[in-house]
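*Asks:* got a predicted structure here, sequence first:
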Amino acid sequence: MLKTLIFGFLFGIVGTVAAAYYVPVVDQYRESSVISVFPNGGNTESFHINIPTDRIMIGAPGQAEPLPPGLQWPADEQFEGVRVELFKVRNARETVIGVASRMVADSERIEDSVEWVLHFPARGTFYAAMPARSADGERRIGMLRAGTREFGPLQGEISERWVPNTGDDDVDAPDGRIELVTSFVGDFPDDVTESALTGSTL
Amino acid sequence: MIKYVVSLALGTVLGVLAAAALLYFNPLAARNPLSPLAVSNNTMLSLGYSGVPTDAIVYTNSGESRAQPHPERVRELWERPIRLTEILVTVLTDSRNKPAGIGIKFSSDSEKTRLINGEALVDSAWHIHLVERGSLFVEQTENYWNLLRNIVLPAYWGSARHWKGVWNGNVTVGPGALGTAAVTGGTGEFAGLESEAVEAVNASAYSVAQGPVAMERRLTIDITGNVELTTSDVAGH
């Protein structure tokens, strides 16, 4: 009986340690990405935010109806020129896959800009800044400044566009959507480029 | 026959408890190492904020955590791909405790979490705007194992379901090789900045029912050679 007790004890230790090692504590759910590949390299991905349903917060001074209700934006005068918004972000299949912040600062000392941070828990985060003035009267185009995990080795640009909802008369239909389109390309190490060139001459 | 089954079950339970104790007292787990920025002569930007959700402008999560979203009617992150994520929007103060800017922190539980290594990891990203100065993006991996072990678990074990005391520690463990966060400057005087940061926690009360009750946090960012320091930046270092 003592041998059985000792066997059970060792089994308990080994089983617990093995479970702690092999069983993932965190399992982030990931939707498959909807990415199009350009023939000349790089890829593009489209995200959107339905307004007002996907808006979590509008942080700005003097709002008659703050979002969320009960929000208390800092009364300090210096925050008057800062506008912060939080959103849920959807992929091309209308599924929420991440969250985002959009920050606009109106300042005399700093050039006006619109900044986005998009955070996808299973993939990573990226940060992009774009000029406040639109490029063609319709969309703003900015550069990817930094990325984490999947977006870490990428570079490229992102565009922002407001698309009003004109086709749906349903009262519950969104007013429109903010469309974000990324066009990213990865950095290739020199040895990969050289081997590709060598291969093409054979 | 029954006595063998009973002794096997008893032995297994004791083994599981022994392994759990081994994990809890794991001598190989990181013991809150000294921040590399603390021994640096570089110039630092110090930004503080409250770690208590109700002190934030907005705090939201799945709604299933002990820390409840604030304000009460803020949209919750209940959709499956974002259910293990939380967002904090807060006023950041300088080292003299004066408001300096707005910070948005996205935090998601990391799939790299391995309790056997003493790792309860969170992938987080800061989007920071300092008024009249510019913007920053901070990427970090945080390890909350020491905080869980020293604060959260003792709160659960206590009869009052509450922890009180003093706990200071750094939570940043990456992605930098020295356990630092990666900083990218965006606009204004921070444009072009590539640097490091460390986030520290100073906790004094925790409740099982509410989460953090008294907790101050501080983000220290190395801004050497990129920006002109104000007196309040330097005072905190």
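*Replies:* Structure's in. What do you need?
*Asks:* helices of the chain, start to end?
*Replies:* No chain was given, so I picked chain A. A:2-22, A:190-201 (DSSP state H).
*Asks:* please go with chain B instead
*Replies:* Going by DSSP H, chain B shows helices at B:2-24, B:145-147, B:153-157, B:231-235.
*Asks:* same for the longest one, what does it pack against?
*Replies:* For helix B:2-24, the contact count by 3 or more CB pairs under 8 Å, 6 or more residues apart in numbering or on different chains; DSSP states H and E identifies helix A:2-22 as packing neighbours. (Glycine included, C-beta is placed from N, CA and C.)
*Asks:* how near is the residue nearest to the spatial centre of chain A to B:Ala29?
*Replies:* In chain A, the residue lying closest to the centroid (CA atoms, centre = their mean) is A:Leu118, at 2.3 Å. Distance of A:Leu118 to B:Ala29, computed by CB to CB, to the nearest Å: 33 Å.
*Asks:* leaving out sequence neighbours, find the closest residue to B:Val131.
*Replies:* Excluding the flanking residues, the one nearest B:Val131 by CB to CB, 6 or more residues apart in numbering or on different chains is A:Gln78, at 4.6 Å.
*Asks:* mean confidence score for stretch B:146-165?
*Replies:* For stretch B:146-165, mean pLDDT rounds to 90.
*Asks:* how about it: buried residues?
*Replies:* Residues of stretch B:146-165 classed as buried: B:Asn146, B:Leu147, B:Arg149, B:Asn150, B:Ile151, B:Val152, B:Pro154, B:Ala155, B:His162, B:Trp163, B:Lys164 (neighbour count, 16 or more other CB atoms under 10 Å in any protein chain shown).
*Asks:* on that earlier part again, and the residue nearest to B:Val131, how many neighbours?
*Replies:* 13 (other CB atoms under 10 Å in any protein chain shown).
*Asks:* what of B:Leu28?
*Replies:* By other CB under 10 Å, 8 other residues sit near B:Leu28.
*Asks:* quick one: it from B:Asn146, how far?
*Replies:* Taking CB to CB, one finds B:Leu28 at 13 Å from B:Asn146.
*Asks:* ok, now A:Ala64?
*Replies:* A:Ala64 is 45 Å from B:Asn146, by CB to CB.
*Asks:* burial of A:Thr148, as a residue count?
*Replies:* For A:Thr148, the count of nearby residues is 22 (other CB under 10 Å).
*Asks:* same check, this time on A:Pro164
*Replies:* 10.
*Asks:* below-threshold pLDDT in chain B: ranges please.
*Replies:* B:30-33, B:225-237 (pLDDT under 70).
*Asks:* can you pull out the strands in it?
*Replies:* B:44-50, B:58-60, B:85-93, B:99-109, B:121-130, B:134-143, B:162-170, B:172-174, B:181-188, B:194-207, B:211-222 (DSSP state E).
*Asks:* same thing with chain A?
*Replies:* Along chain A, the segments classed as strands by DSSP E run A:35-37, A:43-51, A:55-59, A:82-90, A:96-105, A:113-120, A:124-131, A:139-147, A:154-164, A:176-186.
*Asks:* now mean pLDDT and distance to B:Asp109 too, for the ones you listed, in JSON lines please.
*Replies:* Shown next, in JSON lines, are the strands of chain A (pLDDT from 0 to 100; distance: least, CB to CB, whole Å):
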{"stretch": "strand A:35-37", "mean pLDDT": "87", "distance to B:Asp109": "25"}
{"stretch": "strand A:43-51", "mean pLDDT": "93", "distance to B:Asp109": "22"}
{"stretch": "strand A:55-59", "mean pLDDT": "94", "distance to B:Asp109": "19"}
{"stretch": "strand A:82-90", "mean pLDDT": "95", "distance to B:Asp109": "18"}
{"stretch": "strand A:96-105", "mean pLDDT": "95", "distance to B:Asp109": "14"}
{"stretch": "strand A:113-120", "mean pLDDT": "95", "distance to B:Asp109": "13"}
{"stretch": "strand A:124-131", "mean pLDDT": "94", "distance to B:Asp109": "14"}
{"stretch": "strand A:139-147", "mean pLDDT": "93", "distance to B:Asp109": "20"}
{"stretch": "strand A:154-164", "mean pLDDT": "92", "distance to B:Asp109": "24"}
{"stretch": "strand A:176-186", "mean pLDDT": "92", "distance to B:Asp109": "25"}
